[in-house]
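Q: How does the following fold in three dimensions:
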Amino acid sequence: MPHEEHTVTVDRPIGQVFAYLSDEENDPAWRSGIVEIKRVSPEGGEGATIRQVLRGPGGMKMRGDYRITAYQPPNRYEFQVIAGPARPAGRFALAEDGPDRTTVTFSLDLEPKGMARLMAGQITKQMRAEVGALDKLKQNLEA
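A: As a prediction, the model looks like this:
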């Protein structure tokens, strides 16, 4: 089962970091490859569904919709991708690392099925890029 994980420490209070990363409207600023993203359920938080269109291989657009499976401010935010060729589960774990410092760990886990098994190498590379985007989140919040 492919697993990718990345951790950063952000010089901002935990509440501010959680609010930023749990608001899908901020995603295009720190996650490359997003063509479109929008919450489609009336309420946010656990159970909310987010529609996203991503730039895939060769610039082809593909769906990557996800549902929020855990929403526990300011420490835990989890989701499950529900559309697209790869459907990983993701988790953001946040912890205070001082009065105005937050450690954020982003992990993705995938149990490949069907067509996704054939694309395992490419999917693992994309998962690595996704968790690595935390560096850009840190940069944006500290700017």
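Q: neighbours of the closest residue to residue 55 other than its chain neighbours, just the number please.
A: Spatially, and ignoring its direct neighbours in sequence, residue 55 is nearest to residue 33 (4.6 Å; CB to CB, 6 or more residues apart in numbering). Glycine gets a C-beta too; all of them are placed from N, C-alpha and C. By other CB atoms under 10 Å, the residues close to residue 33 number 17.
Q: for residue 48, same thing?
A: Neighbour tally, residue 48, other CB under 10 Å: 19.
Q: Isn't it up against residue 67?
A: Yes. The criterion here is CB atoms under 8 Å, and residue 48 meets it with residue 67 at 7.1 Å.
Q: got a list of contacts for stretch 28-42?
A: Here stretch 28-42 makes contact (CB atoms under 8 Å, 6 or more residues apart in numbering) with 24-25, 27, 47-55, 61, 129-130, 133-134, 136-137, 139-140.
Q: can you do 6 Å?
A: The contact list for stretch 28-42, computed with CB atoms under 6 Å, 6 or more residues apart in numbering, reads 24, 27, 48-55, 61, 133, 136-137, 140.
Q: for this protein, which spans come out with low pLDDT?
A: The model of the chain has pLDDT under 70 over residues 113-121.
Q: if I look at residue 34, how far off is residue 90?
A: Computed as CB to CB, to the nearest Å, the residue 34 to residue 90 distance reads 14 Å.
Q: Tell me where this protein has strands.
A: Here the chain has its strands, by DSSP state E, at 3-10, 34-39, 49-55, 61-63, 66-72, 76-81, 89-96, 102-109.
Q: So which residues make contact with the shortest one?
A: When you say that, I think you mean strand 61-63. 35, 53-54, 56, 83-84.
Q: How far away from the center of its chain is it?
A: With CA atoms, centre = their mean, to the nearest Å as the basis, strand 61-63 stands 16 Å off its chain's centre.
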